[in-house]
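*Asks:* Need coordinates for the following:
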Amino acid sequence: MSQLRQIPAVEKVLQALGTTELPRPLVVDTVREAISELREAGQAPEFDVVVRDIRDRLTQIWGQRLQPVINGTGVLIHTNLGRSPLSRPAVENLQEIASNYNNLEFDIPSGERGKRAGFLERCLASVTGAEAATVVNNCASALVLILRYFVKNGRDKVIISRGELVEIGGGFRIPDILLASGAKLHEVGATNKTTLLDYEDAIGHDTALILKVHQSNFFMGGFVENPSTEEISAMARRHDIPFVEDLGSGAVVNTDDYAPVEHEPTPQEIFKKGVDLLCFSGDKLLGGPQAGIIAGRQDLVAGIKREPFYRALRCDKLILSLLEVTAVQYLNGGDELPLLSMLSVEKDELRARAEKLAAALAGREGVRVTVGDGLSRIGGGTMPKSTIPSVTLDLEPVGQSLTKLARRLRLGATPIITYTSEGLLKIDLRTVFPRQDSQLADSICAVS
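*Replies:* Below you'll find the model as predicted:
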C-alpha cells in the first residue's frame, strides 16, 4: 500500500508537463490512463520517469495526426503516405468551395434545385470516353454498387476467372466484395489458364454478369492463357449478359508516354473492346482524391444512380470539387498534375537537384551526404513490373545508427520518410517536390 500512495496525482503530472501541443482534454485523458495502469500494476516509478513516459505517449499521439511529410521512398503512389498528391489548382479550388456556400445541388441559371455533380459527371464521361459516368467514395464501393444493381430478379451469379480473384490491398479481396453484395461467386478456369469455353459453359438463367478484374497489382508468366476482352465481350452480347471490368488503377492517359514503364490499359481502350461498364480508383494513376469512378453505358449508369444504396456511397462537396479540377486538367492536357510530372521528370534534372543539395550539406559532422542512384516504383498496387531510374540523396550517419537517424528525420518539423539500402539511408528525389528541397536540407542539418 505504501508503494501505491507514491503514485503521483493527475494534477501534479499535468503541472510538470506544462504546455503541450495537444488539446488539454487529450492530455488529461492520457495522464489518467497512465496513472491507472500504474495502479493496476502496483508500480510506483520515480516521478521523472512517469512524466517522461507520459511525454512519450503524448508525442506518439500528436504524431498520429494528419500532417504533410516529405516522401523520400521513391514510391509515387504510396498508400501509407496518402497515395497520389493533388495539384495546386485542385487544392486552391477546394479552399474556395469549403470556406463558402456553393451550388452543390442548385442550378444557378434557373434558380432551382440542380443536379448534384452534373458538371463532374460530364467531364468524367469525356475523359474516359464513356456515354456516362458517376462517382462514389472508393473503387470497392463502386464495385459493390455495380453488383447490387445487377444482382436481382433471380439473377445472382457472377462469373469470374479464378486468375482474377485478387486481393486489392488492406485485406480486401474480390471474393469477399462479391459475397457482400449478395452475389454468388461462379469461378471458372484455373489460376493460370481460363478459356472462352469456361465462360460459355458457366452461363445460365441465373447469371447476373460477367466480371473481369484487371491484374493491376501482380503479374503471371509462364503457362498462362486468358481469352481477350473482345472475345468475352462478343460472347456476353450473344447471351445478352452485362460485361463489367474493374480496372483498378485508373490510368486515363498512356503511362508509357510519360516514363519507361509498362502500358496500363485506359478506359478508352477498354470501351473500344466492348466492355459495358467499368470502375476504377480516383486516387491512384488518375491523381485525384479517394473516389470510385463508374463509367459506361448511359442506361446502366443511370440505373446504378437510382439504386437506394447509391446515396450511402456518394461523395461530398469536397471530393467532388477536387475531382472536378482533376478531370478538367486532363481535358486541358494534364500538365499540372503532380503524378504525371513525377513520372516524366528527367534523371538529369533530379541529379542536378541532388548535387546542389549534397554541396549545401557538405561537411556535416553527424552525416555524410552523397549522390546515388535509385529505382522509383509506381506503387498503390499498380504496374508491379515497372521501375523508373532515379537519383537519390544518400546519407551515411556518423556517430549514430541508421535506425536512429531515420527516426530523427521522421520526428523533425517536417517528417522525412526514407528507405535503407546497402548500409545507407536513401532519399529518392523523384518523389520529393522541388519546393521541398530547402525543407529537406534544413531537416538534415537539424539532425547532423
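*Asks:* pLDDT at the residue nearest the centre of the chain, what is it?
*Replies:* Geometric centre of the chain, nearest residue: R83, 3.5 Å, by C-alpha atoms, centre = their mean. The model reports R83 with a pLDDT of 93.
*Asks:* quick one, what contacts K152?
*Replies:* Taking C-beta atoms under 8 Å, 6 or more residues apart in numbering, we find K152 in contact with A208. For glycine as for every other residue, the C-beta is placed from the backbone atoms N, C-alpha and C.
*Asks:* is it in a bridge, and if so with what?
*Replies:* Beta bridges link K152 to R155 when assigned by DSSP bridges.
*Asks:* Is it correct that the residue nearest to the centre of the chain is in contact with L285?
*Replies:* No: the pair R83 / L285 is not scored as a contact, 10.0 Å apart, by C-beta atoms under 8 Å.
*Asks:* Overlap in contacts, these two.
*Replies:* Taking C-beta under 8 Å, 6+ apart as the criterion, R83 and L285 both touch 77, 380.
*Asks:* now the end-to-end length of stretch 64-84.
*Replies:* Counting by C-alpha to C-alpha, to the nearest Å, you get 20 Å between the two ends of stretch 64-84.
*Asks:* If we go by neighbour counts, what in that stretch is buried?
*Replies:* Using 16 or more other C-beta atoms under 10 Å as the test for burial, stretch 64-84 gives 69-78, 81-84.
*Asks:* who does the longest strand seen in the chain pair up with?
*Replies:* In the chain, ranked by residue count with DSSP state E as the criterion, the top strand is strand 382-397. Strand 382-397 pairs in its sheet with strand 367-379 (antiparallel), strand 424-428 (antiparallel), by DSSP bridges.
*Asks:* so can I have a markdown table of these showing mean pLDDT, distance to M235 and mean neighbour count?
*Replies:* Shown next, in a markdown table, are the strands paired with strand 382-397 (pLDDT from 0 to 100; distance: least, C-beta to C-beta, whole Å; neighbours: other C-beta atoms under 10 Å):
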| stretch | mean pLDDT | distance to M235 | mean neighbour count |
| --- | --- | --- | --- |
| strand 367-379 | 95 | 32 | 20 |
| strand 424-428 | 97 | 45 | 24 |
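*Asks:* do you know how far the residue lying closest to P89 once chain neighbours are set aside is from A90?
*Replies:* Spatial nearest neighbour of P89, chain neighbours left out: V325 (5.4 Å); criterion: C-beta to C-beta, 6 or more residues apart in numbering. Using C-beta to C-beta, to the nearest Å, V325 is found at 4 Å from A90.
*Asks:* Equivalent analysis for G74, please.
*Replies:* 24 Å.
*Asks:* just to revisit the earlier point, just the buried residues of the longest strand of the chain, please?
*Replies:* Buried residues in strand 382-397 (16+ other C-beta under 10 Å): 382-383, 386-388, 390-395, 397.
*Asks:* Now tabulate these in a markdown table and tack on distance to C279.
*Replies:* Shown next, in a markdown table, are these (distance: C-beta to C-beta, whole Å):
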| residue | distance to C279 |
| --- | --- |
| T382 | 15 |
| M383 | 19 |
| S386 | 23 |
| T387 | 27 |
| I388 | 27 |
| S390 | 31 |
| V391 | 36 |
| T392 | 36 |
| L393 | 39 |
| D394 | 41 |
| L395 | 42 |
| P397 | 46 |
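*Asks:* Tell me who's in contact with L320.
*Replies:* 104, 116-117, 120, 135.
*Asks:* what pLDDT does the nearest residue to the residue nearest to the centre of the chain once chain neighbours are set aside get?
*Replies:* Distance criterion C-beta to C-beta, 6+ apart; nearest residue to R83, sequence neighbours excluded, is D283 at 4.5 Å. At D283, the model reports a pLDDT of 94.
*Asks:* coming back round to it: of the contacts of L320, which is the nearest to V127?
*Replies:* L120 (10.3 Å; C-beta to C-beta).
*Asks:* Backbone dihedrals for the closest one, both of them.
*Replies:* phi -60, psi -40 (degrees, to the nearest 10).
*Asks:* The residue nearest to R83 contacts G292, correct?
*Replies:* No: checked against C-beta under 8 Å, the pair D283 and G292 is beyond contact range at 9.7 Å.
*Asks:* ranges for the strands of the stretch 201-350 of the chain?
*Replies:* Applying DSSP state E, counting those that start in this stretch to the stretch 201-350 of the chain gives strands spanning 207-213, 243-248, 277-281, 292-296.
*Asks:* Columns mean neighbour count and distance to R57 on top of these, output as TSV?
*Replies:* Listed next are those as TSV, based on neighbours: other C-beta atoms under 10 Å; distance: least, C-beta to C-beta, whole Å:
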stretch	mean neighbour count	distance to R57
strand 207-213	23	43
strand 243-248	26	39
strand 277-281	27	36
strand 292-296	29	37
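*Asks:* which ones are touching R306?
*Replies:* Applying C-beta under 8 Å, 6+ apart, no residues qualify as near R306.
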